[in-house]
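[1] next input, structure requested:
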Amino acid sequence: MNEYINTRHPTPEQACFKRCVVVQIIGRRSSLSFLNAAMIARLSVVASLAFGLAPTVVGQQIYDIWATTWDRSSLFTYTNLSPNPINFVSPGAIGQADITIEETPLAQAMVGYGATLTDSSALILNNLKSQNSNNYWSILNTLFDPTDGADAAGFSYLRVPLGASDFSSSVYSFDDVAGDNTLANFNINKAPSYLFNVINDIRGINPYLKIHILPWSPPGWMKDSGTMLGGNFLSAYTSVYANYLLKCLQGFQSHGISVYAISIQNEPENSNPTYPTCKISADQEAQIGAALRTLMNDNGFSGVRLVGYEHNWDDAAGYPVQLMDDASSSFAGVAFHCYAGNFTQQDSFHNAFPSKEVYFTECSGVYGTDWWTDIKWYMENIFIGSVTHSSKNGLMWNLALDGNGQPMLPGTTSCGTPCRPVVQVNSDGSFMYHQEFYAMAQAGKAILPRDVNGPFGQRLHLTIGGSRAQGLIATAFVTGRVNPSDWQRYSLVVLNWDDRPDGTWNPTPIQTTIEFRDMQATYTFPVGVTTLWWYAPTTSLNGTDASDVPVRGEKQSEGGRKQIPIQKQKQDPFKAWVHANVNGEAQRPVEVVFQ
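    Numbers count the residues shown, from 1 in each chain. The predicted model follows:
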């Protein structure tokens, strides 16, 4: 892997040189080489006081901003504020809105955003790789590259069906031989080979990628329907099915893929005769989970998380709570979907089992909806809403499909509108990113590791006040460092959805103050989604010891192993990233009419 040096924002040392009066006194950067961090910090304060200047906290400056606006004039557009960053200064009057960030207590650690790599998504991407490899690698890099300075979303969580789903070309499991209780005919390679190839290509770009596997149905012979299409699980096959899932883990391992989490059944309260589904009661899932947990612990998979439920918000106080009552020691936590109920219902589970993990793993948009309305909904309900109610991640449904929401399993009624993917790949090799991408990208940029093998962001609590507080919703994160003395990164994701402040359509920016460590920054948030970063030492320099503040230049996150030189065009207003491609060259985006 290559290491990339951060050129987008200055290191704390560079930030200090840009504004500390002591630099003006000494005059040359090289003259400070003998000074340690504490001396620089103290000299800057002394010089500030000597010249009658209000001291600022070294490093608390906002340089990096990403924005997606309601009118698409900005689409995950990066702005570097150097040489005029937003400073945190002594507090004054609050703005129209006032965001106060609280560093304690820390909330949940995040694990990444992403989507599901269905068989259909993998097929679409694999075909593109053969048709136009430049576009293939451009998509994967834009979606998954976690490099700190990359023009990319850094998605880090991928859900993968075990066997067929409603987005497969045919119905199959990994053992379709009825009565094969020993699973002698189990074969992980019944999954299409391109599924594993695409996963490994993504892993080559993002070393932090977490793989979460789960079936849409057990093999049909384990169900009362005798088919994978609908029906109920038969408890007589509890131990056989647990072993089947263990073999799935081993099968992925045989392809060089380490699994982060496994679930027992997608949407266990749903039975649909037109695609692989299965009803499994909470009691049955608890029994399967207990058996599987033992097998995992005994066969080298003790570190793999077992995640329960995988269904809608509306039953958060029912099925998942019963599951934990029955088999708490077997499960790391539960996962939710968006198709019924609302995100606040996650609290019913979290309050009952606060030590258990909460995941959000599926929601799909459909064609024919309003772009800006969708952005608002996704941020309110998933990428801010679900997260502020304990979720460690946020996933959309299909990663990639064509412009008709295809290919789908023949005859299925699961997504008739049809479903809209994160990225649409057209038959001519062109592609475009939908609103799901922009919402997730804004959220994902806030939580990525700052260092090689560093942690993901951890959520901070915040409050919003002011006369226009109702116009903003937000979440904040702190990203720790491998070296504890290195400055932590702080990030803020803000949705300004105040497009009708007076009851009529009038998208209005909100002048906002940001309160952090008794200091204050001011920024005017446009109507849309904004993500911004700043750095600060582990402890505030405002009257405290600064001896641990680093002043040396820092290398940034490693990633993006597969770097293909692509001349990627920047987005024009009201135009999608659609790269018409017949010869491998990136073309100017073509006009797209958004629904």
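[2] poorly predicted segments of this protein, please.
    1-59, 540-595 (pLDDT under 70).
[3] quick check: domain ranges of it?
    For the chain, automatic domain parsing gives the domain ranges 3-108+452-558, 112-292+305-318+332-348+358-444.
[4] next, the buried residues of stretch 405-412.
    Judged by neighbour count (16 or more other C-beta atoms under 10 Å), stretch 405-412 contains these buried residues: 405, 407-409, 412. All C-beta spots, glycine's among them, are computed from the backbone N, C-alpha and C.
[5] ok, now stretch 467-477?
    Buried-residue list, stretch 467-477, by 16+ other C-beta under 10 Å: 468-469, 471-477.
[6] please tabulate those in TSV and include distance to residue 180 as additional columns.
    Below are the buried residues of stretch 467-477 laid out as TSV (distance: C-beta to C-beta, whole Å):
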residue	distance to residue 180
468	64
469	61
471	59
472	57
473	51
474	53
475	48
476	52
477	48
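[7] can you give me the strands in the stretch 351-500 of the chain?
    357-362, 365-366, 393-398, 400-401, 419-420, 423-425, 431-433, 458-465, 472-479, 488-496 (DSSP state E, counting those that start in this stretch).
[8] for the residue most central in space within the chain, grab phi and psi.
    Note on the chain: the residue nearest the mean C-alpha position is residue 113, at 1.6 Å, using C-alpha atoms, centre = their mean. When read as degrees, to the nearest 10, the backbone of residue 113 gives phi -110, psi 160.
[9] now swap in residue 252 and tell me
    phi -60, psi -40.
[10] dump the residue contacts of it.
    188, 211, 213, 258-259 (C-beta atoms under 8 Å, 6 or more residues apart in numbering).
[11] I'd like to know how far it sits from residue 260.
    11 Å (C-beta to C-beta, to the nearest Å).
[12] any shared contact partners between the two?
    With C-beta under 8 Å, 6+ apart as the test, residue 252 and residue 260 both reach residue 211.
[13] list the buried residues in stretch 341-359.
    341-343, 345-346, 348-350, 353, 356-359.
[14] would you mind giving those as CSV with distance to residue 248 added?
    What follows is those, written out as CSV (distance: C-beta to C-beta, whole Å):
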residue, distance to residue 248
341, 29
342, 32
343, 30
345, 30
346, 27
348, 30
349, 26
350, 29
353, 26
356, 23
357, 21
358, 24
359, 19
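[15] now do the contacts for the closest residue to residue 179 other than its chain neighbours.
    In space, residue 179 comes closest to residue 221 once its chain neighbours are excluded; the distance is 6.5 Å by C-beta to C-beta, 6 or more residues apart in numbering. When contacts are counted by C-beta under 8 Å, 6+ apart, residue 221 touches 176-180.
[16] try residue 98
    Counting by C-beta under 8 Å, 6+ apart, residue 98 makes contact with 464-466, 469, 512-513, 515.
[17] what helix or strand is residue 196 located in?
    Assessed by DSSP states H and E, residue 196 sits inside helix 193-205.
[18] downstream of that helix, the next helix or strand is which one?
    Downstream of helix 193-205, the next assigned helix or strand under DSSP H and E is strand 210-215.
[19] quick one: contacts for residue 167?
    Counting by C-beta under 8 Å, 6+ apart, residue 167 makes contact with 118-121, 398, 401, 407-409.
[20] residue 382: which of these is nearest?
    Using C-beta to C-beta, residue 398 comes nearest to residue 382 of these, at 15.6 Å.
[21] excluding chain neighbours, give the residue nearest to the closest one in space.
    residue 421 (4.3 Å).
[22] sorry, back to before: mark which of the contacts of residue 252 are buried, thanks.
    Buried members of the contacts of residue 252, scored by 16+ other C-beta under 10 Å, are 188, 211, 213, 259.
[23] what's the farthest-apart pair in the residues you listed?
    Longest span within these, C-beta to C-beta: 188 and 211, 13.7 Å.
[24] before we move on, back to that, tell me which of the contacts of residue 221 is nearest to residue 486?
    Nearest to residue 486 among the contacts of residue 221, counting by C-beta to C-beta, is residue 176 at 53.0 Å.
[25] surely that closest one is in a strand?
    No. Secondary structure of residue 176 (DSSP: H, G, I helix; E, B strand; the rest coil): coil, not part of a strand.
[26] look up how far residue 425 lies from the closest residue to it other than its chain neighbours.
    Spatially, and ignoring its direct neighbours in sequence, residue 176 is nearest to residue 219 (6.0 Å; C-beta to C-beta, 6+ apart). Separation of residue 219 from residue 425 (C-beta to C-beta): 31 Å.
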